[in-house]
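# I'd like to go over a predicted model; first the sequence, then the structure.
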Amino acid sequence: MPAARLTSAKYPLLRFVLPLTLLVAILPAAETDRPPLLALCAAYPPELAALRGEFGVEPERGFTETRIKGLSFWRGRAGRHEVVVFRTGVSLVNAAYQLQIALERFPITAVLFAGVAGGVDPALHVGDVVIPEQWAYHSEAAYLNPDGNGGHVRPSFFQPKHENFGMIFPNEVAAVRSGESDFRRIPAFPADPALLAAARRATAKLPALRAAGREVSVSVGGTGVAGPVFLDHAAYREWVFRVWQARCVDMESTALAHVAWSNQVPILIVRGLSDLAGAQRGTNPIDTHEAPVSGVAARVLRVIVDEL
């Protein structure tokens, strides 16, 4: 039908539909968006079990499962909040890929992660919980040949900014997001300031928590690092602390922070220390501590979510 014949006289409903359409078009986004949906995630089974237990993620509590590309996403309510709970998988590629799927399929307004990590800061102990303000990659790097004179042969394009670890010369990753015209170097990807503020408020109210046979500390701030390796090497751990003043190291967090930054979605990551990334004598104790420390990290995340 020609547009000229679509008149409010012939079709009275248009008197209401057209003004409503115009109203929706000019309302601020905050007034038309859905209610907040928090993504709660963990990397692998002990972490996910702790997260599901802490937030009551079960069908009998109203959670429904959606399967996407082999992944399970559980959606429901936890206290005052609507949440979607899922596993990111271990390592950078899995974490980035699976978080991107979640952001594209669900109207997620913030990402919150709880899991375990290796402690890098010498002041920290197994069981302590850290909530870094920013996340860097420790293994975005150039691996260079020795030059025969105690140094290394460096390509002309590469200008190192950090101390090397033998042949490993760390580098900053380049990233881009909506509204920017090109990739730019990002030394570290930030956690969300409002979520960090909520974490500081919530952790100040926490009762004493215990893990690994001791009362643990919970702290907000500093830098975390991640890479595609399970770090269990004392000298490399010391180097990571010197270069980044890192508090902890894991295999997913910087990728998660990177994807959140690119999508302009707030993120906060809580890590309990299951081990010391190689500072121990003998076998790494992660197998002993991963389940109870995952539980402590999930408990800390719960009080932060309740604070929001």
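Great, that's in hand. Numbers count the residues shown, from 1 in each chain.

# tell me where the stretch 51-200 of the chain has helices.
92-105, 193-204 (DSSP state H, counting those that start in this stretch).

# check which helices and strands the longest one sits against.
Right, the one you point to is helix 92-105. The contact analysis (3 or more CB pairs under 8 Å, 6 or more residues apart in numbering; DSSP states H and E) places helix 92-105 against strand 37-42, strand 64-68, strand 71-78, strand 81-87, helix 253-263. (Glycine included, C-beta is placed from N, CA and C.)

# just put the ones you listed in TSV and tack on mean pLDDT and distance to residue 131.
Below are the helices and strands packed on helix 92-105 laid out as TSV (pLDDT from 0 to 100; distance: least, CB to CB, whole Å):
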stretch	mean pLDDT	distance to residue 131
strand 37-42	98	15
strand 64-68	97	29
strand 71-78	96	19
strand 81-87	97	18
helix 253-263	98	11
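
# skipping adjacent residues, who's closest to residue 152 in space?
residue 144 (4.0 Å; CB to CB, 6 or more residues apart in numbering).

# redo the helices of the stretch 51-200 of the chain as TSV? Include mean neighbour count.
Putting the helices of the stretch 51-200 of the chain into TSV (neighbours: other CB atoms under 10 Å) gives the following:
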stretch	mean neighbour count
helix 92-105	19
helix 193-204	17
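
# a markdown table please, covering the ones you listed and showing mean pLDDT.
Shown next, in a markdown table, are those (pLDDT from 0 to 100):
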| stretch | mean pLDDT |
| --- | --- |
| helix 92-105 | 98 |
| helix 193-204 | 97 |
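
# for residue 83, give me its contacts.
By CB atoms under 8 Å, 6 or more residues apart in numbering, the contact set of residue 83 is 37, 38, 39, 40, 55, 75, 76, 77, 305.

# from these, which single one is nearest residue 259?
Sorting the contacts of residue 83 by how near they are to residue 259, with CB to CB, puts residue 39 at the top with 11.1 Å.

# circling back to that earlier point, correct me, but the residue nearest to residue 152 touches residue 153?
Yes: using CB atoms under 8 Å, residue 144 is in contact with residue 153, at 5.9 Å.

# low-confidence ranges, the stretch 1-150 of the chain, go.
1-34 (pLDDT under 70).

# show the buried residues in the contacts of residue 83.
For those, a neighbour count by 16 or more other CB atoms under 10 Å gives the buried set as 37, 38, 39, 40, 55, 75, 76, 305.

# could you work out the most separated pair of the residues you listed?
Going by CB to CB, the pair spanning these furthest: 75 and 305, at 15.1 Å.

# so which residue is smack in the middle of this structure?
residue 256 (4.2 Å; CA atoms, centre = their mean).

# that one contacts residue 270, correct?
No: Residue 256 is beyond contact range of residue 270, at 11.8 Å (criterion: CB under 8 Å).

# shared neighbours, the two?
residue 113.

# mind listing what residue 44 touches?
Applying CB under 8 Å, 6+ apart, the residues near residue 44 are 87, 89, 90, 115.

# hmm, residue 134 and residue 247 touching each other?
No: applying CB under 8 Å, one finds residue 247 not in contact with residue 134, separated by 10.5 Å.

# pull up the overlap in contacts between these two.
Joint contacts of residue 247 and residue 134 (CB under 8 Å, 6+ apart) are 223, 224.

# next, residue 303: secondary structure please.
helix (DSSP: H, G, I helix; E, B strand; the rest coil).

# and for it, the neighbour number?
Residues contacting residue 303 under the criterion other CB atoms under 10 Å number 18.

# ok, residue 63 next?
20.

# got the contact list for the closest residue to it other than its chain neighbours?
Spatial nearest neighbour of residue 63, chain neighbours left out: residue 76 (3.5 Å); criterion: CB to CB, 6+ apart. Contact partners of residue 76, counting by CB under 8 Å, 6+ apart, are 57, 61, 62, 63, 64, 82, 83.

# and residue 76, bridged to which residues?
Taking DSSP bridges as the rule, residue 76 bridges to residue 83.

# PyMOL command to pick out the buried ones of the contacts of residue 76?
Applying 16+ other CB under 10 Å to the contacts of residue 76 leaves a buried subset, and the PyMOL line that selects it is:
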select buried, resi 57+63+83
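
# columns distance to residue 106 on top of the contacts of residue 76, output as TSV?
Compiled in TSV, these are given as follows (distance: CB to CB, whole Å):
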residue	distance to residue 106
57	15
61	19
62	17
63	14
64	12
82	10
83	10
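
# for the closest residue to residue 285 other than its chain neighbours, list each beta-bridge partner.
The shortest distance from residue 285 to any non-neighbouring residue, by CB to CB, 6+ apart, is to residue 275 (5.4 Å). Counting by DSSP bridges, residue 275 is bridged to residue 118.
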